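Trainee: Quick one, fold the following:
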Amino acid sequence: MQFSVYQQSHIGGRKVNQDRMGYCYTRDALLLLLADGMGGHLGGEIAATIALQTVSAMFRLQARPYVKKPERFLEEALLQAHHDIQAYAVTHGLPEIPRTTVVACLIQHNCAVWAHVGDSRLYWVRRKQVLACTRDHSHFEYLLERGRADPSERNTHPDRNKLYNCLGASSPPKIELSQQHSLQHGDMLLLCSDGLWSVLPETEIVHRLATSGVVQAVPELVQMAAAIGGAQADNTTALAIAWQGAAGTIDGDALNVISTQMLAEDAVSSTIVAGDPLPEGSDAFDEDDIEKAIAEIREAIEKSSQLLK
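Mentor: The predicted structure follows:
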């Protein structure tokens, strides 16, 4: 496989960055992951970190050097992440279970398949056109499907960021899977949090990717979204690849292209660090921080429980 990749995250106007992103690959498989933590700064980043750690750990076990059943892997990995978040909350005595969105994409044999929970998005772009985009699990999309909202309200509707589906909730997540899609040389895949897509129009996102390439476009898009949001900006995170295929001609700067051809069959390279997202004895939060986070988590849970009423 050959691909160029770039990832960046900006804290925005928040005190804590709850977004997490990363990728890992073997000789024949590439996994892209992005999660956007919810529910207060005590919990959101923990849930997002666990999601990435769990899915990447399962990838390490199953990608030998490729995953035999991609759709099943994604579904089982996201469900396991959901259970691991709940187990972590119990083991560490957290007052509430933290929550997160997640989007994951597995690429192997020149094909991509993805899964998501929540409103972190994946865009598939080819020659300045969006071939596919994930559907947000928001109250607005729920209303839209039932003819109770208009597509023209997608960027302004007050319920566009209210989610009814995430990892860590009391009920199991509804994991939405794509079909397998054949990639062509030059195709781009962008994973991003709502801090990016809710601020920048799709036309701008596609234009930057198509004209600048992922290495330049990702930091430009992240910085642009953070600047527009200003002091109220959400955490803004993006991870994108430009697909070069199994082998052959390389577009652009060869120094930015990763080739997996020389990897050993059992080798795995990863930007996702394993380990406890909140080590024992951590003093990262004082008592006031914890009380504030508890209130924020409870408020988020109460809001989400009312969405489909």
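Trainee: could you measure the residue nearest to residue 82 when sequence neighbours are not counted against residue 122, distance?
Mentor: Leaving out its chain neighbours, the residue that sits closest to residue 82 by CB to CB, 6 or more residues apart in numbering is residue 167, at 4.4 Å. For the C-beta atoms, the positions are set from N, CA and C on the backbone; glycine is no exception. Using CB to CB, to the nearest Å, we find residue 167 at a distance of 16 Å from residue 122.
Trainee: Between those two, which is the more surrounded one?
Mentor: residue 167 (31 against 23; other CB atoms under 10 Å).
Trainee: That one bridge partners, please.
Mentor: residue 100 (DSSP bridges).
Trainee: ok, it to residue 131 distance?
Mentor: For residue 167, the distance to residue 131 equals 27 Å [CB to CB].
Trainee: what's the answer for residue 87, then?
Mentor: In this view, residue 87 and residue 131 are 38 Å apart by CB to CB.
Trainee: what sits against residue 210?
Mentor: Neighbour list for residue 210: 125, 127-128, 188 [criterion: CB atoms under 8 Å, 6 or more residues apart in numbering].
Trainee: Strands - which of those land there?
Mentor: 125, 188 (DSSP state E).
Trainee: Now which of the contacts of residue 210 would you call buried?
Mentor: Burial by neighbour count, judged by 16 or more other CB atoms under 10 Å, picks out 125, 188 from the contacts of residue 210.
Trainee: how about the contacts of residue 210 in TSV, adding pLDDT and distance to residue 148?
Mentor: Formatted as TSV, the contacts of residue 210 follow (pLDDT from 0 to 100; distance: CB to CB, whole Å):
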residue	pLDDT	distance to residue 148
125	98	30
127	92	35
128	93	33
188	98	34
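Trainee: coming back round to it: got the confidence number for the residue nearest to residue 82?
Mentor: Here, the pLDDT recorded for residue 167 equals 97.
Trainee: ranges for the helices of the stretch 151-300 of the chain?
Mentor: 194-197, 202-212, 214-229, 287-305 (DSSP state H, counting those that start in this stretch).
Trainee: Check the gap between residue 56 and residue 189 for me.
Mentor: Going from residue 56 to residue 189 by CB to CB gives 17 Å.
Trainee: more crowded one of those two?
Mentor: Using other CB under 10 Å, the more surrounded residue of residue 56 and residue 189 is residue 189, with 26 against 23.
Trainee: what bridges to that one?
Mentor: According to DSSP bridges, the residues that bridge with residue 189 are residue 124, residue 241.
Trainee: Next up, the contacts around it.
Mentor: Counting by CB under 8 Å, 6+ apart, residue 189 touches 32, 105, 107, 112, 122-125, 240-241, 243.
Trainee: Least confident of the helices of the stretch 151-300 of the chain, on average?
Mentor: Among the helices of the stretch 151-300 of the chain, helix 287-305 carries the lowest mean pLDDT, a mean of 45.
Trainee: Confirm for me that residue 133 is in contact with residue 120.
Mentor: No - contact between residue 133 and residue 120 fails when scored by CB atoms under 8 Å: they sit 11.7 Å apart.
Trainee: now residue 236: how far from residue 118?
Mentor: Taking CB to CB, one finds residue 236 at 16 Å from residue 118.
Trainee: Those two: which has the busier surroundings?
Mentor: Higher neighbour count among residue 236 and residue 118: residue 236, with 32 against 26, using other CB under 10 Å.
Trainee: what bits of the stretch 51-200 of the chain have low per-residue confidence?
Mentor: When residues are selected by pLDDT under 70, those of the stretch 51-200 of the chain lie in 155.
Trainee: rerun that using 80 as the cut-off
Mentor: Applying pLDDT under 80 to the stretch 51-200 of the chain flags the ranges 142, 145, 150-161.
Trainee: Name whatever forms a beta bridge with the one residue sitting closest to the centre of the chain.
Mentor: The centroid of the chain falls nearest to residue 34 when counting by CA atoms, centre = their mean (2.2 Å). Residue 34 has these beta-bridge partners by DSSP bridges: residue 21, residue 103.
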